[in-house]
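Participant: model this:
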Amino acid sequence: MSNIVIATRESRLALWQAEHVQRLLQERGHAVRLLGMTTRGDQILDRSLSKVGGKGLFVKELELALEEGRADIAVHSLKDVPMELPEGFALACVLEREDPRDAFVSPAYASLDALPQGAVVGTSSLRRVVLLRALRPDLRIEPLRGNLDTRLRKLDDGQYDGIILAAAGLKRLGLESRIRTAFEPETMLPAAGQGALGIEVRADRADLIALLAPLAHREDGLATAAERAVSRAMGGSCSMPLAAHARWQADGSLRIEAAWGDVDGVGALLRVEAQSAVGDAAQAEALGDEAAARLRAAGAH
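Facilitator: Predicted coordinates:
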């Protein structure tokens, strides 16, 4: 292929992700350039995503560039990719995953447990809200929007005592030193696809799908397929307080955990798990569907 054009958002983290894929493709002899774009999700910063159309706002303009032929591929944080892609688009591959955990970031406090009663914690993720509420019901949880640098600046300006961010983004940008504590999944279960990058193409571009196949990470692709199946079965979007995380076990099986909480604080946090042998995407999705069924049986809706 003479020249591959990558559509990307222009935030520092999105550009890192696109440049990472650019390097991987260049190492395989392809000429690659970036097409930087601003999305609606980047422009609307005064309201939570769940109120203005969800994380799909970060991908629609990129999909339009693919549709119009201005770009060949789009690189996304997988957790930002809607569970159902529009007709005519395909997720060509999932790359090897970075750290999927959530991170506690604070200039003054070493951990969530160290925060004083009534401290202000920033996040706009409904998943993180319900998980935080289960851990520390005394905290004040306030909305936090903007790209990674904007969120850190708001923290450093004193608007929050601590904020919750994805560990992967901090590590990718060389900001790992800002992580005071990385939450183990047992404490704060990650979002479906967190830490993974996905590459989207037009579904009719069989040439690109074949070209991208060497970048795919089989185990992480299956694990995230199971996680995304939970969200799909639950009607998941960023307007749903849902977590799903899958891990390979020593015996070669895949174990998935899922959690759901009522954003209004009614009832306890629901948490389930399921485990089975998984050898292909269909089996991964069946495992995710099973976890979703167990959540619904426990009272999630």
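
Participant: can we go C-alpha only for contacts and neighbour counts from here?
Facilitator: Noted.

Participant: now the top helix by length along the chain: mean pLDDT?
Facilitator: Longest helix in the chain, counting residues (DSSP state H): helix 281-298. Per-residue pLDDT values over helix 281-298 give a mean of 97.

Participant: Report the mean per-residue pLDDT for the one helix or strand Trp16 maps to.
Facilitator: Per DSSP states H and E: Trp16 is located in helix 12-26. If you average the pLDDT over helix 12-26, you get 97.

Participant: Show me where this protein dips below the pLDDT cut-off.
Facilitator: Across the chain, the ranges flagged by pLDDT under 70 are 1-2, 39-58, 236-239.

Participant: ok, now how distant is the residue nearest the centre of it from Asp102?
Facilitator: Centroid-nearest residue in the chain: Lys79, 2.4 Å away (criterion: Cα atoms, centre = their mean). Relative to Asp102, Lys79 is positioned 13 Å away (Cα to Cα, to the nearest Å).

Participant: Where does Ala246 fall, secondary structure wise?
Facilitator: Going by DSSP H and E, Ala246 is in strand 242-248.

Participant: Tell me which residues are up against the helix holding Trp16.
Facilitator: Under the contact criterion Cα atoms under 8 Å, 6 or more residues apart in numbering, helix 12-26 has outside partners 6-9, 31-34, 75-77, 148, 169, 172-173, 197, 215.

Participant: which of the residues you listed count as buried?
Facilitator: 6-9, 32-34, 75-77, 148, 169, 172, 197, 215 (16 or more other Cα atoms under 10 Å).

Participant: Among these, which lie within strands?
Facilitator: Of the buried ones among the contacts of helix 12-26, the ones assigned to strands by DSSP state E are Ile6, Ala7, Thr8, Arg9, Val32, Arg33, Leu34, Val75, His76, Ser77, Leu197.

Participant: Show me which of those is closest to Ser231.
Facilitator: For these, the closest approach to Ser231 (Cα to Cα) belongs to Ser77, at 15.7 Å.

Participant: Can you name the residues that contact that closest one?
Facilitator: Going by Cα under 8 Å, 6+ apart, the list of residues near Ser77 reads Ala14, Gly193, Gln194, Gly195, Ala196, Leu197, Gly198.

Participant: same thing with Asp262?
Facilitator: Val130, Pro241, Ala268, Leu269.

Participant: if you set the cut-off to 6 Å instead, what comes out?
Facilitator: Shown in contact with Asp262 (Cα atoms under 6 Å, 6 or more residues apart in numbering): no residues.

Participant: Please report how far the nearest residue to Leu254 once chain neighbours are set aside lies from Leu126.
Facilitator: Closest residue in space to Leu254, ignoring its immediate chain neighbours: Trp248 at 4.6 Å, by Cα to Cα, 6 or more residues apart in numbering. Counting by Cα to Cα, the separation of Trp248 from Leu126 is 26 Å.

Participant: Name the residue in those two with the higher neighbour count.
Facilitator: Leu126 (22 against 18; other Cα atoms under 10 Å).

Participant: Can you report how many residues neighbour the residue lying closest to Ala300 once chain neighbours are set aside?
Facilitator: Distance criterion Cα to Cα, 6+ apart; nearest residue to Ala300, sequence neighbours excluded, is Trp260 at 6.4 Å. Using other Cα under 10 Å, Trp260 is surrounded by 26 other residues.
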